[in-house]
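Q: sequence first, then the predicted structure, then my questions.
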Amino acid sequence: MLENLPKQAPDGILHLMEQLRADPRAEKVDLGVGVYRDATGATPIMRAVRQAGRRLWEAETTKTYTALAGDAAFLAAVRALVLGDAPETAAIATPGGTGAVRLGLELVRMANPEARVFVSDPTWPNHLSILAHLGMEAVPFRYFDAGTQDVDRDGLRGDLAALREGDVVLLHGCCHNPTGADPDTDLWEEVARIIRAAGAIPMIDLAYLGLGDGIEEDAAGTRALVSACPEALVALSCSKNFGLYRERVGALIVSAADDMAAELAQGAMTHLNRQAYSFPPDHGARLAAMVLDDPALRAEWLTELGEMRAQVKGLRTALVEELRARTSSGRFDYITRHRGMFSMLGASPAQVTQMRETHGIYMTRDSRINIAGLGARDVPRLAAAMVEAGL
Ligand code: LMR
(Lines give C-alpha, C1' and ligand atoms only; values in the text may rest on other atoms or scores of the structure.)
Protein backbone atom coordinates (compact mmCIF):
# COMPACT_ATOMS: atom_id res chain seq x y z
CA MET A 1 0.00 0.00 0.00
CA LEU A 2 2.54 2.53 1.10
CA GLU A 3 4.40 2.37 -2.20
CA ASN A 4 1.33 3.95 -3.82
CA LEU A 5 1.75 7.13 -1.84
CA PRO A 6 2.55 10.18 -3.91
CA LYS A 7 5.95 11.66 -3.16
CA GLN A 8 5.44 14.99 -1.44
CA ALA A 9 7.45 18.01 -2.50
CA PRO A 10 9.20 19.44 0.58
CA ASP A 11 7.66 22.57 2.09
CA GLY A 12 9.84 25.45 0.89
CA ILE A 13 10.12 27.17 4.27
CA LEU A 14 10.87 24.00 6.21
CA HIS A 15 13.31 22.77 3.54
CA LEU A 16 15.22 26.03 3.93
CA MET A 17 15.49 25.37 7.69
CA GLU A 18 17.15 22.02 6.90
CA GLN A 19 19.53 23.55 4.36
CA LEU A 20 20.55 26.14 6.91
CA ARG A 21 21.18 23.53 9.59
CA ALA A 22 23.48 21.65 7.21
CA ASP A 23 25.51 24.76 6.31
CA PRO A 24 28.79 24.69 8.31
CA ARG A 25 29.58 28.41 7.85
CA ALA A 26 29.63 30.15 11.23
CA GLU A 27 28.57 33.48 9.76
CA LYS A 28 25.39 32.17 8.06
CA VAL A 29 22.34 34.36 8.52
CA ASP A 30 18.87 32.82 8.97
CA LEU A 31 16.24 35.07 7.40
CA GLY A 32 13.97 32.11 6.63
CA VAL A 33 11.25 30.83 8.92
CA GLY A 34 9.04 33.43 10.60
CA VAL A 35 10.35 33.21 14.14
CA TYR A 36 11.18 36.24 16.28
CA ARG A 37 14.72 36.61 17.59
CA ASP A 38 15.93 39.17 20.08
CA ALA A 39 19.20 41.13 19.88
CA THR A 40 21.14 38.10 21.17
CA GLY A 41 19.67 35.85 18.49
CA ALA A 42 17.48 33.95 20.97
CA THR A 43 13.77 33.23 20.65
CA PRO A 44 12.90 33.83 24.29
CA ILE A 45 10.03 32.55 26.37
CA MET A 46 8.21 35.82 27.00
CA ARG A 47 8.44 37.10 30.56
CA ALA A 48 4.69 37.10 31.21
CA VAL A 49 4.33 33.64 29.70
CA ARG A 50 7.09 32.29 31.93
CA GLN A 51 5.38 33.73 35.01
CA ALA A 52 2.05 32.29 33.94
CA GLY A 53 3.78 28.95 33.45
CA ARG A 54 5.12 28.98 37.01
CA ARG A 55 1.70 29.83 38.41
CA LEU A 56 0.01 27.18 36.32
CA TRP A 57 2.48 24.55 37.47
CA GLU A 58 1.59 25.34 41.08
CA ALA A 59 -2.14 25.75 40.65
CA GLU A 60 -3.12 23.14 38.09
CA THR A 61 -4.67 20.13 39.78
CA THR A 62 -5.64 17.93 36.84
CA LYS A 63 -4.84 17.13 33.26
CA THR A 64 -8.24 15.67 32.53
CA TYR A 65 -9.97 16.67 29.30
CA THR A 66 -11.22 20.16 28.82
CA ALA A 67 -14.17 21.16 26.58
CA LEU A 68 -14.17 20.05 22.93
CA ALA A 69 -14.21 23.67 21.82
CA GLY A 70 -11.25 24.41 24.09
CA ASP A 71 -10.88 26.27 27.37
CA ALA A 72 -13.73 28.78 27.72
CA ALA A 73 -11.52 31.40 29.39
CA PHE A 74 -9.06 31.25 26.49
CA LEU A 75 -11.82 31.60 23.93
CA ALA A 76 -13.39 34.57 25.71
CA ALA A 77 -10.01 36.26 26.11
CA VAL A 78 -8.91 35.91 22.49
CA ARG A 79 -12.32 36.86 21.16
CA ALA A 80 -12.13 40.10 23.11
CA LEU A 81 -8.51 40.66 22.10
CA VAL A 82 -9.26 40.34 18.40
CA LEU A 83 -12.74 41.74 18.04
CA GLY A 84 -13.28 43.86 21.12
CA ASP A 85 -16.95 43.63 21.85
CA ALA A 86 -18.47 41.58 19.01
CA PRO A 87 -21.62 39.58 19.69
CA GLU A 88 -22.78 36.54 17.75
CA THR A 89 -19.44 34.86 17.45
CA ALA A 90 -18.52 31.20 17.64
CA ALA A 91 -15.02 30.07 18.55
CA ILE A 92 -12.86 27.00 19.01
CA ALA A 93 -9.28 26.56 20.15
CA THR A 94 -7.06 24.97 17.51
CA PRO A 95 -3.50 23.69 17.29
CA GLY A 96 -1.84 26.93 16.15
CA GLY A 97 -2.96 29.33 13.48
CA THR A 98 -2.49 26.64 10.84
CA GLY A 99 -5.07 24.49 12.63
CA ALA A 100 -7.46 27.43 12.54
CA VAL A 101 -6.87 28.03 8.83
CA ARG A 102 -7.39 24.36 8.06
CA LEU A 103 -10.58 23.97 10.09
CA GLY A 104 -11.88 27.35 8.89
CA LEU A 105 -11.56 26.22 5.30
CA GLU A 106 -13.18 22.90 6.17
CA LEU A 107 -16.06 24.84 7.70
CA VAL A 108 -16.41 26.84 4.47
CA ARG A 109 -16.40 23.67 2.40
CA MET A 110 -18.99 22.08 4.67
CA ALA A 111 -21.32 25.07 4.34
CA ASN A 112 -20.71 25.70 0.65
CA PRO A 113 -18.80 23.06 -1.32
CA GLU A 114 -18.79 25.38 -4.35
CA ALA A 115 -17.06 28.27 -2.58
CA ARG A 116 -13.99 29.62 -4.36
CA VAL A 117 -11.29 31.03 -2.14
CA PHE A 118 -9.59 34.21 -3.32
CA VAL A 119 -6.00 34.40 -2.16
CA SER A 120 -3.50 37.22 -2.42
CA ASP A 121 -0.74 36.76 -4.97
CA PRO A 122 1.59 36.03 -3.27
CA THR A 123 0.40 34.44 -0.05
CA TRP A 124 1.77 32.09 2.60
CA PRO A 125 2.48 28.91 0.57
CA ASN A 126 0.70 26.72 3.11
CA HIS A 127 -2.59 28.49 2.30
CA LEU A 128 -2.33 27.15 -1.24
CA SER A 129 -1.19 23.76 -0.04
CA ILE A 130 -4.13 23.39 2.38
CA LEU A 131 -6.61 24.52 -0.27
CA ALA A 132 -5.21 21.99 -2.74
CA HIS A 133 -5.31 19.29 -0.06
CA LEU A 134 -8.98 20.05 0.61
CA GLY A 135 -9.77 20.13 -3.11
CA MET A 136 -10.94 23.74 -2.91
CA GLU A 137 -10.51 26.20 -5.75
CA ALA A 138 -7.99 28.98 -5.12
CA VAL A 139 -8.35 32.17 -7.15
CA PRO A 140 -5.33 34.47 -6.92
CA PHE A 141 -5.87 38.22 -6.77
CA ARG A 142 -3.20 40.83 -7.44
CA TYR A 143 -1.84 42.20 -4.19
CA PHE A 144 1.77 43.27 -4.42
CA ASP A 145 3.25 45.85 -6.76
CA ALA A 146 6.77 44.58 -7.47
CA GLY A 147 7.78 48.07 -8.65
CA THR A 148 6.88 50.01 -5.51
CA GLN A 149 6.93 47.00 -3.13
CA ASP A 150 3.62 48.30 -1.79
CA VAL A 151 0.07 46.99 -2.09
CA ASP A 152 -1.13 47.00 -5.70
CA ARG A 153 -4.35 48.87 -4.97
CA ASP A 154 -5.67 48.94 -8.52
CA GLY A 155 -4.81 45.30 -9.16
CA LEU A 156 -6.53 44.28 -5.94
CA ARG A 157 -9.67 46.26 -6.75
CA GLY A 158 -9.72 44.94 -10.31
CA ASP A 159 -9.41 41.30 -9.30
CA LEU A 160 -11.85 41.42 -6.38
CA ALA A 161 -14.44 42.72 -8.87
CA ALA A 162 -14.74 39.07 -10.01
CA LEU A 163 -16.08 37.97 -6.60
CA ARG A 164 -19.35 36.09 -6.62
CA GLU A 165 -21.82 35.51 -3.82
CA GLY A 166 -20.54 32.84 -1.44
CA ASP A 167 -16.88 33.20 -2.41
CA VAL A 168 -14.36 33.57 0.39
CA VAL A 169 -11.51 36.10 0.44
CA LEU A 170 -8.54 34.96 2.48
CA LEU A 171 -6.70 38.02 3.78
CA HIS A 172 -3.75 38.60 6.09
CA GLY A 173 -5.06 40.76 8.94
CA CYS A 174 -1.69 42.46 9.41
CA CYS A 175 2.00 41.96 8.66
CA HIS A 176 1.32 40.34 5.27
CA ASN A 177 3.22 37.09 4.81
CA PRO A 178 5.34 37.05 2.65
CA THR A 179 5.46 40.67 1.44
CA GLY A 180 5.26 42.86 4.56
CA ALA A 181 2.97 45.25 2.64
CA ASP A 182 -0.32 45.96 4.45
CA PRO A 183 -3.42 47.84 3.32
CA ASP A 184 -3.97 51.23 5.00
CA THR A 185 -7.23 52.07 6.79
CA ASP A 186 -8.91 53.42 3.65
CA LEU A 187 -8.06 50.34 1.66
CA TRP A 188 -9.28 48.00 4.41
CA GLU A 189 -12.60 49.80 4.41
CA GLU A 190 -12.81 49.67 0.66
CA VAL A 191 -12.01 45.94 0.61
CA ALA A 192 -14.69 45.38 3.25
CA ARG A 193 -17.22 47.25 1.09
CA ILE A 194 -16.28 45.25 -2.02
CA ILE A 195 -16.60 41.92 -0.20
CA ARG A 196 -19.88 42.89 1.38
CA ALA A 197 -21.35 44.19 -1.87
CA ALA A 198 -20.45 40.92 -3.63
CA GLY A 199 -22.05 38.81 -0.89
CA ALA A 200 -18.67 37.19 -0.31
CA ILE A 201 -17.13 36.27 3.06
CA PRO A 202 -13.80 37.47 4.47
CA MET A 203 -11.51 34.98 6.16
CA ILE A 204 -8.67 36.66 7.98
CA ASP A 205 -5.43 34.93 8.83
CA LEU A 206 -4.17 36.79 11.88
CA ALA A 207 -0.80 35.22 12.60
CA TYR A 208 1.18 38.33 13.60
CA LEU A 209 -1.27 40.36 15.70
CA GLY A 210 0.74 42.88 17.75
CA LEU A 211 3.93 42.59 15.74
CA GLY A 212 3.12 45.41 13.32
CA ASP A 213 2.12 48.58 15.15
CA GLY A 214 0.30 47.28 18.25
CA ILE A 215 -2.72 45.14 19.09
CA GLU A 216 -5.38 47.76 18.35
CA GLU A 217 -3.68 49.01 15.19
CA ASP A 218 -3.07 45.51 13.88
CA ALA A 219 -6.63 44.37 14.62
CA ALA A 220 -8.21 47.36 12.85
CA GLY A 221 -8.42 45.74 9.40
CA THR A 222 -9.98 42.58 10.84
CA ARG A 223 -12.49 44.60 12.83
CA ALA A 224 -13.42 46.67 9.75
CA LEU A 225 -14.13 43.47 7.82
CA VAL A 226 -16.04 41.83 10.66
CA SER A 227 -18.22 44.86 11.26
CA ALA A 228 -18.94 45.42 7.55
CA CYS A 229 -19.75 41.83 6.60
CA PRO A 230 -22.55 39.69 8.05
CA GLU A 231 -20.25 36.68 8.23
CA ALA A 232 -16.48 36.46 8.72
CA LEU A 233 -13.87 33.93 9.83
CA VAL A 234 -10.71 34.77 11.76
CA ALA A 235 -7.81 32.32 12.14
CA LEU A 236 -5.75 33.56 15.08
CA SER A 237 -2.26 32.35 15.93
CA CYS A 238 -0.60 32.85 19.31
CA SER A 239 2.71 31.43 18.05
CA LYS A 240 4.56 34.68 17.41
CA ASN A 241 2.83 37.21 19.64
CA PHE A 242 3.03 34.97 22.73
CA GLY A 243 6.21 33.19 21.60
CA LEU A 244 4.33 29.90 22.06
CA TYR A 245 5.34 28.35 18.73
CA ARG A 246 5.76 24.70 19.71
CA GLU A 247 2.83 24.69 22.10
CA ARG A 248 0.47 25.13 19.10
CA VAL A 249 -1.96 27.79 20.28
CA GLY A 250 -4.57 29.24 17.99
CA ALA A 251 -8.28 29.87 17.62
CA LEU A 252 -10.87 29.92 14.90
CA ILE A 253 -13.32 32.75 15.55
CA VAL A 254 -16.41 33.03 13.37
CA SER A 255 -18.74 35.98 13.32
CA ALA A 256 -22.29 35.13 12.25
CA ALA A 257 -25.29 37.16 11.13
CA ASP A 258 -27.47 36.13 14.07
CA ASP A 259 -27.61 33.90 17.14
CA MET A 260 -29.02 30.94 15.24
CA ALA A 261 -26.22 30.96 12.66
CA ALA A 262 -23.64 31.42 15.44
CA GLU A 263 -25.03 28.34 17.19
CA LEU A 264 -24.86 26.28 13.99
CA ALA A 265 -21.29 27.47 13.41
CA GLN A 266 -20.32 26.60 16.98
CA GLY A 267 -21.74 23.10 16.57
CA ALA A 268 -19.98 22.54 13.25
CA MET A 269 -16.66 23.88 14.52
CA THR A 270 -16.76 21.74 17.65
CA HIS A 271 -17.60 18.75 15.42
CA LEU A 272 -14.57 19.54 13.24
CA ASN A 273 -12.34 19.59 16.32
CA ARG A 274 -13.72 16.20 17.35
CA GLN A 275 -13.14 14.66 13.92
CA ALA A 276 -9.60 15.98 13.65
CA TYR A 277 -8.12 15.36 17.12
CA SER A 278 -10.95 15.50 19.68
CA PHE A 279 -9.71 18.07 22.18
CA PRO A 280 -7.43 20.89 21.09
CA PRO A 281 -4.12 21.32 22.97
CA ASP A 282 -4.71 23.14 26.23
CA HIS A 283 -1.45 24.00 27.99
CA GLY A 284 -0.35 26.91 25.81
CA ALA A 285 -3.89 28.22 25.44
CA ARG A 286 -4.23 28.33 29.22
CA LEU A 287 -0.97 30.28 29.50
CA ALA A 288 -2.21 32.81 26.94
CA ALA A 289 -5.52 33.14 28.80
CA MET A 290 -3.74 33.68 32.11
CA VAL A 291 -1.63 36.43 30.56
CA LEU A 292 -4.62 38.13 28.98
CA ASP A 293 -6.81 37.91 32.09
CA ASP A 294 -4.29 39.09 34.70
CA PRO A 295 -3.79 42.89 34.46
CA ALA A 296 -0.14 42.78 35.59
CA LEU A 297 0.82 39.91 33.28
CA ARG A 298 -1.07 41.51 30.42
CA ALA A 299 0.77 44.80 30.91
CA GLU A 300 4.11 42.96 31.00
CA TRP A 301 3.19 41.08 27.82
CA LEU A 302 2.22 44.28 26.02
CA THR A 303 5.50 45.87 27.09
CA GLU A 304 7.50 42.95 25.75
CA LEU A 305 5.52 42.92 22.50
CA GLY A 306 6.41 46.59 22.19
CA GLU A 307 10.08 45.73 22.70
CA MET A 308 9.84 43.11 19.96
CA ARG A 309 8.32 45.62 17.56
CA ALA A 310 10.98 48.16 18.40
CA GLN A 311 13.70 45.59 17.75
CA VAL A 312 12.30 44.75 14.31
CA LYS A 313 11.68 48.39 13.38
CA GLY A 314 15.19 49.30 14.50
CA LEU A 315 16.62 46.63 12.19
CA ARG A 316 14.47 47.89 9.32
CA THR A 317 15.82 51.41 9.80
CA ALA A 318 19.42 50.22 10.13
CA LEU A 319 19.13 48.16 6.95
CA VAL A 320 17.65 51.04 4.97
CA GLU A 321 20.34 53.43 6.20
CA GLU A 322 23.04 50.98 5.23
CA LEU A 323 21.50 50.53 1.78
CA ARG A 324 21.12 54.29 1.32
CA ALA A 325 24.79 54.76 2.15
CA ARG A 326 25.88 52.02 -0.24
CA THR A 327 23.67 52.99 -3.18
CA SER A 328 23.12 56.73 -2.63
CA SER A 329 19.47 56.01 -3.36
CA GLY A 330 16.20 55.66 -1.51
CA ARG A 331 15.04 52.69 -3.54
CA PHE A 332 15.00 50.40 -0.51
CA ASP A 333 12.99 52.76 1.68
CA TYR A 334 9.97 50.47 1.29
CA ILE A 335 11.60 48.24 3.92
CA THR A 336 10.64 50.75 6.61
CA ARG A 337 7.11 51.00 5.22
CA HIS A 338 6.59 47.25 5.56
CA ARG A 339 5.11 45.87 8.75
CA GLY A 340 5.81 42.83 10.90
CA MET A 341 8.65 40.39 10.49
CA PHE A 342 8.76 40.11 6.72
CA SER A 343 9.78 42.10 3.67
CA MET A 344 9.83 40.87 0.13
CA LEU A 345 12.91 42.10 -1.70
CA GLY A 346 11.79 41.38 -5.25
CA ALA A 347 14.93 39.32 -5.99
CA SER A 348 14.88 36.55 -8.59
CA PRO A 349 15.48 32.94 -7.52
CA ALA A 350 18.98 33.24 -9.07
CA GLN A 351 19.72 36.31 -6.93
CA VAL A 352 18.38 34.51 -3.85
CA THR A 353 20.69 31.57 -4.60
CA GLN A 354 23.65 33.88 -5.12
CA MET A 355 23.11 35.57 -1.74
CA ARG A 356 22.86 32.18 -0.05
CA GLU A 357 25.86 30.59 -1.76
CA THR A 358 28.19 33.58 -1.65
CA HIS A 359 27.23 35.16 1.66
CA GLY A 360 25.41 32.42 3.61
CA ILE A 361 22.28 34.55 3.72
CA TYR A 362 19.16 32.39 3.81
CA MET A 363 15.79 33.69 2.62
CA THR A 364 12.86 31.93 0.99
CA ARG A 365 12.94 31.45 -2.77
CA ASP A 366 10.48 34.28 -3.33
CA SER A 367 13.02 36.63 -1.63
CA ARG A 368 11.07 37.03 1.60
CA ILE A 369 13.36 38.00 4.47
CA ASN A 370 12.54 37.63 8.14
CA ILE A 371 13.86 40.94 9.48
CA ALA A 372 13.75 39.55 13.02
CA GLY A 373 16.34 36.95 11.97
CA LEU A 374 18.94 39.67 11.44
CA GLY A 375 21.50 40.45 14.08
CA ALA A 376 22.68 44.08 14.14
CA ARG A 377 26.10 42.92 12.93
CA ASP A 378 24.52 41.11 9.94
CA VAL A 379 23.01 44.32 8.55
CA PRO A 380 26.09 45.45 6.54
CA ARG A 381 26.54 41.92 5.14
CA LEU A 382 22.95 41.69 4.00
CA ALA A 383 23.13 45.16 2.43
CA ALA A 384 26.37 44.29 0.66
CA ALA A 385 24.90 41.00 -0.62
CA MET A 386 21.75 42.74 -1.89
CA VAL A 387 23.74 45.35 -3.77
CA GLU A 388 26.19 42.79 -5.12
CA ALA A 389 23.30 40.63 -6.36
CA GLY A 390 22.11 43.65 -8.36
CA LEU A 391 18.99 44.62 -6.41
C1 LMR B 1 6.50 31.29 8.20
O2 LMR B 1 5.79 31.70 7.28
O3 LMR B 1 7.73 31.27 8.15
C4 LMR B 1 5.85 30.83 9.46
O5 LMR B 1 4.48 31.02 9.40
C6 LMR B 1 6.23 29.47 9.86
C7 LMR B 1 5.58 28.42 9.04
O8 LMR B 1 4.98 27.52 9.63
O9 LMR B 1 5.69 28.44 7.81
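A: Perfect, thanks for sending it.

Q: so what are the sheet partners of the host helix or strand of L236 and their directions?
A: Secondary structure assignment for L236, by DSSP states H and E: strand 232-237. Sheet partners assigned to strand 232-237 using DSSP bridges are listed as strand 201-206 (parallel), strand 250-255 (antiparallel).

Q: hmm, the last one in reach of the ligand?
A: No: with CB under 6 Å from any ligand atom as the threshold, strand 250-255 lies outside contact range of the ligand, at a closest distance of 11.5 Å. Backbone N, C-alpha and C define where each C-beta goes, glycine included.

Q: equivalent analysis for stretch 342-355, please.
A: No: if you take CB under 6 Å from any ligand atom as the test, stretch 342-355 misses the ligand, and the best it gets is 7.8 Å.

Q: next, the buried residues of that stretch.
A: Across stretch 342-355, burial judged by 16 or more other CB atoms under 10 Å covers F342, S343, M344, L345, G346, A347, Q351, V352, Q354, M355.

Q: quick check on the third one: phi, psi?
A: By that I understand M344. Reported as degrees, to the nearest 10, the phi and psi values for M344 are phi -100, psi 130.

Q: what's the burial count for the closest residue in space to it that isn't next to it in sequence?
A: Ranked by CB to CB, 6 or more residues apart in numbering and with sequence neighbours excluded, the top spatial neighbour of M344 is T179, at 4.3 Å. Residues lying near T179 (other CB atoms under 10 Å) number 29.

Q: residues contacting the closest residue to the ligand within the stretch 251-391 of the chain?
A: Closest residue of the stretch 251-391 of the chain to the ligand, CB to the nearest ligand atom: N370 (6.9 Å). Under the criterion of CB atoms under 8 Å, 6 or more residues apart in numbering, the neighbours of N370 are D30, L31, G32, V33, G34, V35, M341, F342, M363.

Q: what residues does the stretch 101-250 of the chain put near the ligand?
A: Neighbours of the ligand within the stretch 101-250 of the chain, by CB under 6 Å from any ligand atom: W124, N126, N177.

Q: would you reformat these as a markdown table and include secondary structure and neighbour count?
A: Shown next, in a markdown table, are those (DSSP: H, G, I helix; E, B strand; the rest coil; neighbours: other CB atoms under 10 Å):
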| residue | secondary structure | neighbour count |
| --- | --- | --- |
| W124 | coil | 24 |
| N126 | helix | 19 |
| N177 | coil | 24 |
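
Q: after the lowest-mean-pLDDT helix or strand in the chain comes which helix or strand?
A: One helix or strand of the chain scores below all others by mean pLDDT, DSSP states H and E: helix 12-22, with a mean of 89. Tracing the chain past helix 12-22, the next element assigned as helix or strand by DSSP H and E is strand 29-30.

Q: quick check: mean pLDDT across the one helix or strand R223 maps to?
A: Assigned by DSSP H and E, R223 belongs to helix 215-228. The pLDDT scores in helix 215-228 average 97.

Q: helices or strands up against it?
A: Contact here means 3 or more CB pairs under 8 Å, 6 or more residues apart in numbering; DSSP states H and E; on that basis helix 215-228 packs against helix 72-83, helix 185-198, strand 201-206, strand 232-237.

Q: can you check which of these gets nearest to S120?
A: Of all those, strand 201-206 sits nearest to S120, with 10.0 Å by CB to CB.

Q: and that closest one, what's buried?
A: Of all the residues in strand 201-206, those buried under the rule 16+ other CB under 10 Å are I201, P202, M203, I204, D205, L206.

Q: between those, which sits nearest the ligand?
A: The ligand lies nearest to D205 out of these, by CB to the nearest ligand atom, at 9.6 Å.

Q: give me every residue that touches the residue of the chain found nearest the ligand.
A: The minimum distance from the chain to the ligand, using CB to the nearest ligand atom, falls at G34 (3.2 Å). Each residue near G34 by CB under 8 Å, 6+ apart is listed here: I13, N177, A207, Y208, K240, M341, F342, N370.

Q: how about 6 Å then?
A: Residues near G34 by CB atoms under 6 Å, 6 or more residues apart in numbering: M341, N370.

Q: same thing with E27?
A: Contacts of E27 by CB under 6 Å, 6+ apart are G360.

Q: and the one 5 residues further on, by the same measure?
A: The neighbours of G32, taking CB under 6 Å, 6+ apart as the test, are L16, Y362.
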